[in-house]
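In: predicted structure and sequence below. I'll ask about it afterward.
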Amino acid sequence: MGKRGPAPKPTSLRILHGDRPDRINAGEPVPPTGTIEPPDWLSDDARAVWDRLAPGLIARKVLTVWDADAFVVLCQALARYKQATALLNGSHLLVQGAGGLVKNPVLGIQAEAERTFLTYAARFGMTPSDRQSVKAEVVADDKGGADRLLS
């Protein structure tokens, strides 16, 4: 069974909101700063996913050195989903099996990759419903704050 209730408020927000000191985790681990690189063994399709998604997550400090391995699983799952979908597009939903027509086994691979991707994507706030629960650092652009709202 998963955790119950709303996600806990990040420590930085607790401090900003003036929460009581006994509710602030002074010993919260902080990931070290460092270069986040994809591993050499990442497949070509997974590397394309990394190159497309990682820069934005790194810039907003959602993807840290500690999160790189989980992000690799996300990239591999999306690559596996893409490969399974390509196989299905060139095949049929039902294939000949023992005793007649059976569901194409690639459908199971595709569904498993989809579940894995969605589970990990939620951790990084990459789905609309999960995005609201992730507190990320906003990167300044040309128009920020009131200027952006008033333009």
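Out: On my side now, so go ahead. Residues are numbered from 1 along each chain as shown.

In: residues near W41, how many?
Out: Summarising burial for W41: neighbours were counted as other C-beta atoms under 10 Å, giving 9. (Each C-beta comes from the backbone N, C-alpha and C, glycine too.)

In: stretch 14-21 spans what distance, first to last residue?
Out: Using C-alpha to C-alpha, to the nearest Å, the gap from the first to the last residue of stretch 14-21 comes to 9 Å.

In: list the buried ones in that stretch?
Out: Under the neighbour-count criterion of 16 or more other C-beta atoms under 10 Å, stretch 14-21 has R14 buried.

In: quick one: mean pLDDT over it.
Out: Taken as a whole, stretch 14-21 carries a mean pLDDT of 82.

In: quick check: phi and psi at the residue nearest the centre of the chain.
Out: With distances taken as C-alpha atoms, centre = their mean, the residue of the chain nearest its centroid is A121 (2.8 Å). When read as degrees, to the nearest 10, the backbone of A121 gives phi -60, psi -40.

In: hang on, it packs against P128?
Out: No: under the criterion of C-beta atoms under 8 Å, A121 lies out of contact with P128, with a separation of 10.6 Å.

In: distance check, the residue nearest to the centre of the chain against V106.
Out: With distances defined as C-beta to C-beta, to the nearest Å, the gap from A121 to V106 amounts to 22 Å.

In: which SSE is the nearest residue to L94 once chain neighbours are set aside in?
Out: In space, not counting the residues next to it along the chain, L94 is nearest to L101; the distance is 4.3 Å by C-beta to C-beta, 6 or more residues apart in numbering. L101 is located in strand 100-103, with elements delineated by DSSP states H and E.
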